[in-house]
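Enquirer: Model the structure of this input:
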Amino acid sequence: MPLLEQVSFFSFLNLSENVHWYDYLNDVLDIVVVTYVIYKLMMIVRGTKAVQLIKGISIILVSWFLSGFFGLKTLQFLLNQVITYGLLGIIIIFQPELRRGLEHLGRTSNLFGRTGTSDEEQQRQMIEAIVSSAQYMSKRRIGALIAIERDTGLNEYVETGIRMDSHITSQLIINLFIPNTPLHDGAMIIQDGKIAAAACYLPLSESPHIDKALGTRHRAAIGVSEVTDSVTLTVSEETGAVSLAIAGRLYRELDEEALRNKLIQELVIEEKETTLSFFGKKGGDK
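Expert: Numbers count the residues shown, from 1 in each chain. A predicted model of the protein is given here:
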């Protein structure tokens, strides 16, 4: 084989090998990005009524596939119309989740420099307001239930209460839980650094391992922490003990310093690590 032909042949092999590895890496990157996007979308809609809507859309898509497979032309035509004009409907129906998703993306990106710092400052101010109000209510044995949203949406529970969209202050938190006031019964939910709603209903835990001495307030705190990644604070009306429910586990009788440190760990340190991590949070402590 002439030298020129040998050089051309080996050059072609090298080029083919490079293209092969490039395509392979490109496919892997494509899969990873799509997986990450789907994961984030699932975390955004989890805990909201959008989950039921997604199930309905899935049923429509499966019905469309089966109608084509079995040759049900009329049904397939109707489903084609639903799918064709359903995109606008999906945008309208999922508008709250889409907005929250874009806001979450903006909070977790550092494209604009000071976003992470301002979020951390806001979280610390919120924590101080919660700790201060919890100590006040604990000393006076004022019962309280406060759920703090993280990645998993709590809109489903916000809708059961009274909308507020208020800035967080210790004075406002205390006033909401003063006995015999209109909003004292139920949970207060915090979203995006604001009090989203009060007098909300939370799901009760059905775990048989919960201490029988714990009342409805603590069962609700554990229940919502089992189905979402929220951090939920309770103040016992009987003993004044302050507790935190996280991932189905109840951290009981926390003093002021322990409460502050736990909230910082879960809402500030954990969030920073989540932003740096590719697939979300690390495992829980202990």
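Enquirer: residues in contact with Ile127?
Expert: Arg260, Leu263, Ile264, Leu267, Val268 (Cβ atoms under 8 Å, 6 or more residues apart in numbering). The way it works is simple: take the backbone N, C-alpha and C, and place the C-beta from them, glycine included.
Enquirer: Neighbour-wise, give me the winner out of those.
Expert: Comparing the contacts of Ile127 on neighbour count, Leu263 comes out first with 23 neighbours (neighbours: other Cβ atoms under 10 Å).
Enquirer: surely it meets Ala129?
Expert: No: at 10.7 Å, Leu263 does not count as touching Ala129 under the criterion of Cβ atoms under 8 Å.
Enquirer: What pLDDT does the model give Phe65?
Expert: Predicted confidence (pLDDT) at Phe65: the value is 90.
Enquirer: circling back to that earlier point, okay, the contacts of Ile127 in CSV with secondary structure and pLDDT next?
Expert: Supplementary listing: these in CSV, determined by DSSP: H, G, I helix; E, B strand; the rest coil; pLDDT from 0 to 100:
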residue, secondary structure, pLDDT
Arg260, helix, 94
Leu263, helix, 95
Ile264, helix, 93
Leu267, helix, 90
Val268, helix, 86
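Enquirer: average model confidence for the helix or strand encompassing Phe77?
Expert: Of the helices and strands defined by DSSP states H and E, Phe77 is found in helix 73-93. Helix 73-93 shows an average pLDDT of 83 in the prediction.
Enquirer: Could you list every helix and strand that it packs against?
Expert: helix 50-69 (3 or more Cβ pairs under 8 Å, 6 or more residues apart in numbering; DSSP states H and E).
Enquirer: Give me the contacts around the helix it packs on.
Expert: 45, 72-73, 75-76, 79-80, 82-83, 86, 90, 93-94, 97, 153.
Enquirer: follow-up on the earlier one: would you mark the buried spots in the helix holding Phe77?
Expert: Judged by neighbour count (16 or more other Cβ atoms under 10 Å), helix 73-93 contains these buried residues: Gln76, Leu79, Ile93.
Enquirer: And for stretch 172-184?
Expert: Applying 16+ other Cβ under 10 Å to stretch 172-184 flags Leu172, Ile173, Ile174, Leu176, Phe177, Leu183, His184 as buried.
Enquirer: mind listing what the fifth one touches?
Expert: When you say that, I think you mean Phe177. When the contact criterion is Cβ under 8 Å, 6+ apart, the partners of Phe177 are Met137, Ile142, Gly143, Ala144, His184, Met188, Val235.
Enquirer: which among the residues you listed gets closest to Glu206?
Expert: Each of those was scored against Glu206 by Cβ to Cβ, and Gly143 proved nearest at 21.8 Å.
Enquirer: which ones are touching the closest residue to the closest one other than its chain neighbours?
Expert: The spatial neighbour of Gly143 that comes closest, neighbours along the chain excluded (Cβ to Cβ, 6 or more residues apart in numbering), is Glu237 at 3.3 Å. Residues near Glu237 by Cβ under 8 Å, 6+ apart: Arg141, Ile142, Gly143, Gly215, Arg217.
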